[in-house]
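Enquirer: I would like to see how this sequence folds:
(one chain, ligands or ions: 1)
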Amino acid sequence: MGRRVLFLGPPGAGKGTQATLLARALGVPHISTGVMLREAVAEGTDLGNQAGVLMAAGDLVPDELVVAMVAERLSRSDAACGFLLDGFPRNIEQADALDNSVDGHAIEVVLLLTVVEDELVRRLLKRAVEDGRDDDNEDTIRRRLEVYRSETEPLVEHYPLHGVPIRRIDGLGTVEEVFARVVMALAHE
Ligand code: ADP
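Expert: Below is the predicted model:
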C-alpha cells in the first residue's frame, strides 16, 4: 500500500477531512500547506505576513515560499516512512520542485476527490458561516476555483504521464461513505 500519498481536488471537496482520517489510519503525518500557512498567518511570522494577503484574495502563495516550507517539513523524521500531502503540490512547478529537491519523497499514488462545482460552492459558503475562514467568501471562493482549474487541475494529467497512478474518488456522500471509498482506492495500491 502506498504510504506517500497526495490528495488532490478542488477547494471544498473535503480533502482536509479525508486526509486527517487517512493519515491517522496509515500512521503517517498529514501535511497540509493550507493549515501550515494559516498557522504562520496567525503567528505573524515573515512567511505569514507575506502569505496572508494572497490567501485572503484566493491567490496562490509564491512557489519558493511554499516549497521551502514543505521541504523543511518533509525532512523531519516522522515523514521518513510516509506522508499524506494535502494542498501541495498545487501547480506543475511545485510538483517538479518536489520531485527534484526532496530525495526519497516521490509520490506513490494520487487520490483525486471529485465534487461538482455547485456543491463545492455550497459547502464553502456553509464553512464560511461555521468556521469564519477569511478566504471563504463568495468572491474569493470563485477565485480559488478558477485557480484550481488553471493551476492545479493539470496535475491530474501530469502524474499519470510520470508513472504515478491516480485514483478518482467520488466526494459526494457522508464523511464515512467517502472515507470507505478512499480506503478501497488505496487497497489496490
Ligand atoms: P482550499 O483547498 O480550501 O483552497 P487550503 O487550505 O488548501 O484551502 O489553502 C488555502 C490557501 O492557502 C490557498 O488559497 C492559497 O492561497 C494558500 N496555499 C495553500 N497551499 C498552497 C500551495 N501549495 N501553493 C501556494 N499557495 C498555497
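Enquirer: and the residue of this protein closest to the ligand?
Expert: With C-beta to the nearest ligand atom, the shortest gap between the chain and the ligand falls at residue 34, namely 1.8 Å. For the C-beta atoms, the positions are set from N, CA and C on the backbone; glycine is no exception.
Enquirer: so what's that residue closest to, chain neighbours aside?
Expert: In this structure, residue 34 finds its nearest non-sequential neighbour in residue 87, 4.6 Å apart by C-beta to C-beta, 6 or more residues apart in numbering.
Enquirer: how about residue 70?
Expert: residue 88 (5.3 Å).
Enquirer: and what of residue 94?
Expert: residue 63 (5.5 Å).
Enquirer: what's the local residue count around that neighbour?
Expert: 16 (other C-beta atoms under 10 Å).
Enquirer: was I right to think it contacts residue 91?
Expert: Yes - taking contacts as C-beta atoms under 8 Å, residue 63 lies within contact range of residue 91: 7.2 Å.
Enquirer: returning to that earlier point: show me the contacts for the residue nearest to residue 34.
Expert: 15, 32, 33, 34, 35 (C-beta atoms under 8 Å, 6 or more residues apart in numbering).
Enquirer: so which of those residues is the most crowded?
Expert: Ranked by neighbours (other C-beta under 10 Å), the contacts of residue 87 are led by residue 15, which has 24 neighbours.
Enquirer: excluding chain neighbours, what is closest to it?
Expert: residue 7 (4.6 Å).
Enquirer: contacting residues for the one you found?
Expert: 15, 18, 19, 22, 84, 85, 86, 110, 111, 113.
Enquirer: ok, longest helix in the protein?
Expert: Assignment by DSSP state H gives helix 117-131 as the longest helix of the chain.
Enquirer: neighbouring contacts of it?
Expert: 10-14, 115, 133, 136-138, 141, 145, 172.
Enquirer: that helix near the ligand at all?
Expert: No - Helix 117-131 lies apart from the ligand when judged by C-beta under 6 Å from any ligand atom; the minimum separation is 7.0 Å.
Enquirer: can I get that helix as CSV, trimmed to CA atoms?
Expert: These are the backbone C-alpha positions of helix 117-131, laid out as CSV (Å, rounded to 0.1, in the frame of the first residue of the first chain):
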residue,chain,number,x,y,z
GLU,A,117,-19.0,22.8,-8.7
ASP,A,118,-22.4,23.8,-7.3
GLU,A,119,-21.9,21.5,-4.3
LEU,A,120,-18.3,22.9,-3.8
VAL,A,121,-19.6,26.5,-3.6
ARG,A,122,-22.5,25.4,-1.3
ARG,A,123,-20.0,23.7,1.1
LEU,A,124,-17.6,26.5,1.1
LEU,A,125,-20.3,29.1,1.9
LYS,A,126,-21.5,26.9,4.7
ARG,A,127,-18.0,26.7,6.1
ALA,A,128,-17.7,30.5,5.9
VAL,A,129,-20.5,30.7,8.4
GLU,A,130,-19.3,27.9,10.6
ASP,A,131,-15.5,28.4,10.7
